[in-house]
Structure formats: C-alpha cells, structure tokens
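[1] next come a sequence and a model predicted from it.
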Amino acid sequence: MAPILKITGLDKYFGRLQVLRNINLEVNSQEVICIIGRSGSGKSTLLRCINFLEEPSAGEIEVDGLCVPAKLKGGERRKMVYDIRLRTGMVFQEFNLFPHMSVLANVMEGPVTVKKMDRTKAQQLAEKNLERVGLLMKKDEFPNRISGGQKQRVAIARALTMEPKVMLFDEPTSALDPELIGEVLAVMRNLANECMTMLVVTHEMGFAKDVADRLVVLHEGEIIEQGIPSEVFKKPSHPQTQALLERYRTG
Amino acid sequence: MSTEEHLAKEKPKKSQADLLYEAQVRSRRRFSLQVILSWIALLALLIFIFSGIEFSIGSFTVRTIDLDSDFIKENLAFIAGGAGQTILICVMSIILATFLALMAALGRLSKFAPIVALSSFYVSLIRGTPLYLQVFFFFLALPQLGIILPGLWAGVIALGLNYGAYMSEIFRAGLSSVGKGQREAAFALGMTSGQMMLRIVIPQALRFAIPPTGNEFIAMLKDSALVSATGFVHELMWRATKVGRAQFNNLEALIIAAVFYWIMTLIFSSLQSRLEAYMSRGER
C-alpha cells in the first residue's frame, strides 16, 4: 500500500541555520507515529513543514497522492498548499481556538468558510465531532470559559471536522497543567483506536510507548533512530536516544 | 453549609480581615466623596466668577464678571442648534476615518510594495501637516482647481482623512494584537489569506480597536470646531462666533458654546467608559 504521507529529502533553514537535514519519512495509513527529541531538535518544524506553515527549503511533501516540491512557486503552488492543508488537520501546543467564536462556531468554521458547507450540515458534523471529544455540552460556551484540557479537545474536534487524512499534533499537552493532560491523551488514544493516521510531536513518553506504532527520534535536525516504541525504549541504539530516554526514565 | 451556619451564629463578630477590608473600603469611599465635593466647589466657583454679583469686603468692593443675560436668552437656542451639526459632522467623519484607518492599517501589512507605500505615504502626509491647514485646503484651495465641495462634505472629508491617519495606528495595534497562532490555526484549516483576515483577524482587531475609537470620537467633537473657521458649516462654534461678533458679546457666546462642548464630552465619555467595560468583559 502506498504511504499516505511521504517526506523526501526535506531540508529547512532559518536564515543561515539549518534546522532539518535531509528528512525522509513515510507514514502509512492508520499509522500512529510519535516524534521525540530535545527541544530545538527540529521536531515541531518538521511537523509544520508538512502543512506548509513553514516553507520547506528543499525536498518534497506528499500527502495522499498530492506531491508538492519545495522548489515549486507561484499560484500553482498556492493552490496545492491549500489542498495539502485540507488533507491534514493540525493541533497546536497553544490550542489557538478563535476567542471571538463559541465552541460550536469554532468547530464549524472550517467546513463553513473553507468548504462552503451548508450551515445545518456543518453543525451536525461539528456536533458529531464535539461528541467524539466528549464536549458537546460545552458547545455554546466561549473558549475563555473552558479549561485548557477542554480547549485542546475542542481544537482536536475543530481539526477533525475538516475530515483530514492525517492529523498533526504539535506538543498538544505541553501547555497544559499536569492534571489536564490525561483527558487530552485519552481523546488522542481514542482517535488512534479509530484508526486515524497521526503524527504526534510529544514529550509524553508513556503515551509514545503505549499508543505509537513507530517512534521517530530527531536530533539536531536529523532522524537518528526509528522503530517500534517498545524496542527503542528497551534498546536505544543511538547514544543520543539513550541520553534522551534516560532523562525521561529518571525524570 | 456548615460554614454558613457558623457565620450566622457568630454574626456580630467580625474577623480581623473583615475589619481591615471594611476600613479600606471606607477610606476609598471617603476619598472619592472628597473628590466629588471638590468638583462641585470648583464648579460653584466658576459659576460665581461669572455671576455678576457685587459684594464688599470692608471698603473694598468686588464685582464678578457680569454676563449679558438678555443676549444669552436670545441666542441660546440659536447656538444650541449647532450641537446637532457638530454631532452629525463627527459621526460622518468617524465613519470615514474608521474605514480609512482600517484600510491604511491593512495596507501596511500588504505583501505588495506600492500598497505599503501608499498607506505609509498617506499617514505621513496627513500627520505631517496641521489639521487647520487641511480643513482650509478642502474649503478654500480645492475651489481654485474648480472642485467645489458642499461645506459639510469638505469638513467631513478633512476631519475623516486626518483622523483616519492617526487612527490607523490604533488599528495597526489591533491587528498586531491578534497572535500569530490565530493566523496559523486559520491557515491550518485551509483558509486563504483573505478568509483568515475577514473571519479571524479583523473581528478580533475591531474588538480591540473600538474603545480607543470612542476616544477619538470625543477628541473629534472638539476638533470639529476648526471646521467653523471656513464659515460654511453652521455648527456650534460657527454659530457662537457669528452672534458673538455681530453683537460684541463674544464672552457670552463662547461660554455658551463651551458649556455645550463640555456637556457633549461628558455624555460621550460616560457612554465610552460603559462601552469599554462592556467590551472588556469576558476577555481572555
């Protein structure tokens, strides 16, 4: 089966600083991949290059058969980037809910504005996805009236409502108080069980170990190791992975 | 609840914290009462200065300023009639200014160089010249080119252009108050730049910009007096100077106008602070 997401030869520079070096990664449909690494290793940048929130400097991103080379420019590229974004859903560390809209309006915004979906249909879809994250009862609240964990679950529902092929999670629990992390991870676990394809940048090693099908370790912009989580945890082959996992084991 | 029962039983006894808090509230109240009373005293003094009362302290006779009450009675209604024009000019000007300010602020963010240049050029030109000059320009200079604007429109255009340039900074601050994360979330959903601005950024920027726009409106109420200088718009200031000069009662005429400006400012300021309180409710 062809991979649903394929990253080929991806380089990314910020000014003169190279933050991603020749990243090659294939993600199969329904696979859950956790990307770990120290801060500054380029894991968030890698995720953000996939939906072009960051411009890749070189290489290719292919999502569900649509391939966008970094060197492509102009209107054709813009059109393709919008298509890539329709195929991917993203969840941010800082939630980024729209504060001037109710929870329901937040979740409906994508289908109504981007897909021009009929409002009643969009509302049904939005309510279905709020139900999925267990927050249908909060649909009329405004984002400032709900907890951080609830905000992140709404953000997940908002991304799901666009019915993406791949979900990208950029440190979804890093901005949360410790007691709120569990509810978000539970929602993500459910998604994994529902066979959603997911790429998760995370520091939650427990989650990575239990839920991920594959662990990808990034160090200084390079993939230094990848494999089945239990094996990587048991026998990290790269010294940097050992150091990274050691820290989590003791910390 | 047991704590409530507890409190009810021990009603007369207040804790140290309660007593301290009440003392704090009392002293705060006392202070604002003092401010209000001093205000009233100052107002009374001002009225007294213009009361025309004669009194003597020993052999020394003091006479306060005597206003011509007949003139006031005759011309009060005429001058007051200008208040409507003043408000009309300001409402139209603020609408124009808001539109221009939003355009100029968005223009600054454009990726198209001539648009960035156009908006910064506009702001620089207007802020670099006096409002008084701009008002005259639209009334007196344009007719030389064969462009004759009705008085009201020339005033509205001059004030609107001027305030638009200053208010563009407010809107710029409003637009930049919307975090990068909001734009990214919109893009991640697949929105175009236009949809992102219209649906996500501008509504939040407006919420930020509305209270300061109210302040600009209040400032404009007073700056609109400059429009009278050209003699074509019969607002408060024009009416006051017209009757004041004709009968050499400038003192009375200007005082009447001042009272109306002041009252209007007080009314709109209180509306403004209510609006501000309303807008800030439920912020993040």
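    Arrived safely, thanks for sending. No experiment lies behind these values; they were computed from the predicted model shown.
[2] please make it C-alpha for all contacts and neighbour counts, starting now.
    Will do.
[3] what ranges does chain B have for its helices?
    Taking DSSP state H, the helices of chain B run over residues B:2-9, B:16-49, B:69-80, B:82-108, B:113-127, B:131-136, B:151-177, B:180-188, B:193-195, B:202-223, B:236-246, B:250-280.
[4] pull the CA atoms of the fifth one into CSV?
    Once side chains and other backbone atoms are set aside, the C-alpha atoms of helix B:113-127 remain, and they are given as CSV (Å, rounded to 0.1, in the frame of the first residue of the first chain):
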residue,chain,number,x,y,z
ALA,B,113,5.1,47.2,-2.1
PRO,B,114,3.1,50.0,-3.7
ILE,B,115,0.2,49.4,-1.2
VAL,B,116,2.6,49.5,1.7
ALA,B,117,4.0,52.8,0.3
LEU,B,118,0.5,54.2,-0.3
SER,B,119,-0.6,53.7,3.2
SER,B,120,2.5,55.0,4.9
PHE,B,121,2.6,57.9,2.5
TYR,B,122,-1.0,58.9,3.4
VAL,B,123,-0.3,58.6,7.1
SER,B,124,2.9,60.6,6.8
LEU,B,125,1.4,63.4,4.7
ILE,B,126,-1.6,63.9,6.9
ARG,B,127,0.3,63.6,10.2
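[5] and the helices of chain B: which comes nearest A:I23?
    Using C-alpha to C-alpha as the measure, helix B:180-188 is the one of the helices of chain B that comes nearest A:I23, at 21.7 Å.
[6] other SSEs contacting the closest one?
    When contacts are defined as 3 or more C-alpha pairs under 8 Å, 6 or more residues apart in numbering or on different chains; DSSP states H and E, helix B:180-188 sits against helix A:74-87, strand A:88-91.
[7] what's the closest of those to chain B?
    Checking those against chain B by C-alpha to the nearest C-alpha gives helix A:74-87 as the closest, at 5.1 Å.
[8] grab the most central residue of chain A for me.
    A:L168 (1.5 Å; C-alpha atoms, centre = their mean).
[9] ok, what's across the strand from it?
    A:L168 has the following beta-bridge partners by DSSP bridges: A:M90, A:L199.
[10] got a list of what it touches?
    Residues counted as contacts of A:L168 (C-alpha atoms under 8 Å, 6 or more residues apart in numbering or on different chains) are A:47, A:88-91, A:198-200.
[11] residues from the stretch 101-250 of chain B in reach of chain A?
    By C-alpha under 8 Å from any C-alpha of the partner chain, the residues of the stretch 101-250 of chain B that approach chain A are B:181-182, B:184-185, B:187-192, B:195, B:200, B:203-204.
[12] neighbour-wise, which of the residues you listed leads?
    B:L189 (29 neighbours; other C-alpha atoms under 10 Å in any protein chain shown).
[13] before we move on, back to that, from the residues of the stretch 101-250 of chain B next to chain A, which is closest to A:N51?
    Set against A:N51, the nearest of those by C-alpha to C-alpha is B:A188 (7.0 Å).
[14] count of residues packed around the residue in the stretch 1-150 of chain B that chain A sits nearest to?
    Of all residues in the stretch 1-150 of chain B, B:K111 sits closest to chain A, at 13.8 Å by C-alpha to the nearest C-alpha. For B:K111, the neighbour count with other C-alpha under 10 Å is 9.
[15] tell me the pLDDT of B:K9.
    Per-residue confidence for B:K9 comes out at a pLDDT of 57.
[16] phi and psi next, for the residue of the stretch 1-150 of chain B closest to chain A.
    Per-residue torsions, B:K111: phi -90, psi 0 (degrees, to the nearest 10).
[17] returning to that earlier point: worst average pLDDT in the helices of chain B?
    When I compare those, helix B:2-9 is least confident, with a mean of 56.
[18] any idea which of the helices and strands packed on helix B:180-188 gets closest to B:N250?
    When these are compared for distance to B:N250 using C-alpha to C-alpha, the nearest one is helix A:74-87, at 66.8 Å.
[19] flag every buried residue along the closest one.
    Of the residues in helix A:74-87, A:81-82, A:84-87 count as buried by neighbour count, 16 or more other C-alpha atoms under 10 Å in any protein chain shown.
[20] repeat that for stretch B:57-77.
    In stretch B:57-77, counting by 16+ other C-alpha under 10 Å, buried: B:72, B:75-76.
[21] how about A:E94: what's its closest non-neighbour residue?
    Taking C-alpha to C-alpha, 6 or more residues apart in numbering or on different chains, and ignoring the residues beside it in sequence, A:E94 has A:A175 as its nearest neighbour in space, at 6.3 Å.
[22] quick check: residues of the stretch 51-200 of chain A near chain B?
    A:51, A:53, A:82-83, A:85-86, A:88-90, A:92, A:94, A:96-100, A:110, A:113-114, A:144, A:159, A:162.
[23] how about 7 Å then?
    Residues of the stretch 51-200 of chain A lying close to chain B (C-alpha under 7 Å from any C-alpha of the partner chain) are A:53, A:82, A:85-86, A:89-90, A:96, A:98, A:100, A:110, A:114, A:144.
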